[in-house]
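In: Mind looking at a prediction? Sequence and model below.
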Amino acid sequence: QVQLVESGGGLVQAGGSLRLSCAASGSISSINGMGWYRQAPGKQRELVAAITSGGSTNYVDSVKGRFTISRDNAKNTVYLQMNSLKPEDTAVYYCNAVIIVTTQRFPYNYWGQGTQVTVSS
């Protein structure tokens with residue numbers, strides 16, 4: 001019923017920038033919070049940044065001042081602008097959204113397929 005499609009990952013040198021996008025489609029009634037998680041090899045998935053439907057944001061300490069999350073509610077899309085990238089930012093980045101579909105009354109957690117971000121030193 002709902003798909004989250006990510007784009008924008010890739011290989012970049014340390015200090016470079018990337019912009020991730022995630023578009024939600026399907027039988028969507030409303031979208032609550034949206035966010036980006038990442039998982040590096042051998043590590044647990046961690047929340048990188050999140051944004052509420054009203055635009056309030058929060059970030060993990062390691063990316064504060066370098067990453068910016070934003071969303072376009074008209075397009076059901078969330079973005080992650082990543083600047084001053086470091087090798088330790090290398091991971092698979094996953095989009096997450098809490099969505100109420102038209103056939104349900106309660107929100108459900110949806111995930112994208114993941115996009116690889118690799119930062120070389």
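Out: Arrived safely, thanks for sending.

In: Can you list phi and psi of the residue located most distally from the centre of the chain for me?
Out: Computed with C-alpha atoms, centre = their mean, the residue of the chain farthest from its C-alpha average is Thr103, at 25.1 Å. Phi and psi for Thr103, reported as degrees, to the nearest 10, are phi -100, psi 0.

In: quick one: it and Val2 touch, right?
Out: No: in this structure, Thr103 is not within contact of Val2 by C-beta atoms under 8 Å, at 10.7 Å. Where you see a C-beta, it was placed from the backbone N, CA and C, and this is true even at glycine.

In: Spell out which residues are contacts of both of those two.
Out: Common neighbours of Thr103 and Val2 are listed as Ser27 (criterion: C-beta atoms under 8 Å, 6 or more residues apart in numbering).

In: Can you show me the strands along this protein?
Out: Residue ranges of the strands in the chain, as given by DSSP state E, are 2-7, 10-13, 18-26, 28-39, 46-51, 57-59, 67-72, 77-82, 91-101, 108-111, 115-120.
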